[in-house]
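Novice: sequence unknown, structure follows:
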C-alpha cells in the first residue's frame with residue numbers, strides 16, 4: 001500500500017515550519033494561532049478514520065489547554081490521554097496480543113517514572129496518578145503500533161513517546177531552552193505519521 005500525503009497535510013507541514021520559526025523568534029501570538037490550527041489541519045484528512053480523527057480533535061483540545069497562560073495541565077493531560085486511547089483502539093492491522101516486544105516499553109515506563117519521581121512527588125496527587133496512567137497508556141499505544149508491521153506508525157508512536165518524555169522532563173525536572181522546539185518538532189512529526197497512515201484510503 002502506497003502512502004499518500006494530502007494537500008491539507010502539505011499545508012500542515014508548512015504550518016509546522018512556521019510554528020517552529022515562531023518558537024525561535026518568540027512570536028507568542030502567532031504560536032497561539034498556529035498550534036491548534038496545525039493539529040486541525042493534520043486531523044482533517046483522517047475524517048474517514050473516526051478514531052484517529054477524534055483522537056486528533058482531543059489532541060487539539062490538549063494543545064489549547066497546554067498553551068494557555070493558566071494552570072491547565074490536568075485538563076490537557078486528560079485530553080491527550082483520551083486521544084491516545086482512541087489511537088490505540090483504531091490502529092489498523094495491529095493485533096491485541098502479548099509478545100516480547102512489550103519488554104522495552106515496560107522498561108521505558110519504569111525508567112521514566114524513576115527519573116521523574118523527584119519532580120512528580122512534589123505535585124498534587126491528581127497529577128501524580130494522571131502521569132502514571134498516561135505513561136502506561138502511551139506505552140500501550142506504542143506497543144500496539146509495534147505489532148502492526150507499519151514502520152511509519154511505529155515511528156509516529158515512538159516520536160510521541162519522545163515528545164512527551166521531553167515535556168515531562170521540562171515540566172517536572174529541569175527546563176532547557178531547546179525543550180519547546182524539541183517537544184513540538186517531535187509532537188507534530190508524530191501526529192503526521194499517525195495521520196498519514198490513516199489517510200491512505202481517504203486521500
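Specialist: That came through fine. A quick note: this is a predicted structure, and the numbers were derived from the prediction, not measured. Residues are numbered from 1 along each chain as shown.
Novice: residues near residue 60, how many?
Specialist: 21 (other C-beta atoms under 10 Å). (C-beta placed from N, C-alpha, C; glycine too.)
Novice: what distance separates stretch 71-80 from the centre of its chain?
Specialist: 13 Å (C-alpha atoms, centre = their mean, to the nearest Å).
Novice: Which positions in that stretch come out as buried?
Specialist: By neighbour count with 16 or more other C-beta atoms under 10 Å, stretch 71-80 contains the buried residues 73, 75-80.
Novice: same check, this time on stretch 118-132
Specialist: Buried residues in stretch 118-132 (16+ other C-beta under 10 Å): 120, 123, 127, 130-131.
Novice: Specify which member of the residues you listed is nearest to residue 47.
Specialist: Relative to residue 47, the closest of these is residue 130; by C-beta to C-beta it sits at 29.3 Å.
Novice: in which helix or strand would I find the closest one?
Specialist: helix 125-146 (DSSP states H and E).
Novice: That helix - what's its average pLDDT?
Specialist: The average pLDDT within helix 125-146 is 95.
Novice: where in this protein is pLDDT low?
Specialist: 1-3, 94-95, 200-203 (pLDDT under 70).
Novice: Quick check, central residue of it?
Specialist: residue 160 (4.3 Å; C-alpha atoms, centre = their mean).
Novice: Not counting residues beside it along the chain, what's closest to residue 164?
Specialist: residue 138 (6.2 Å; C-beta to C-beta, 6 or more residues apart in numbering).
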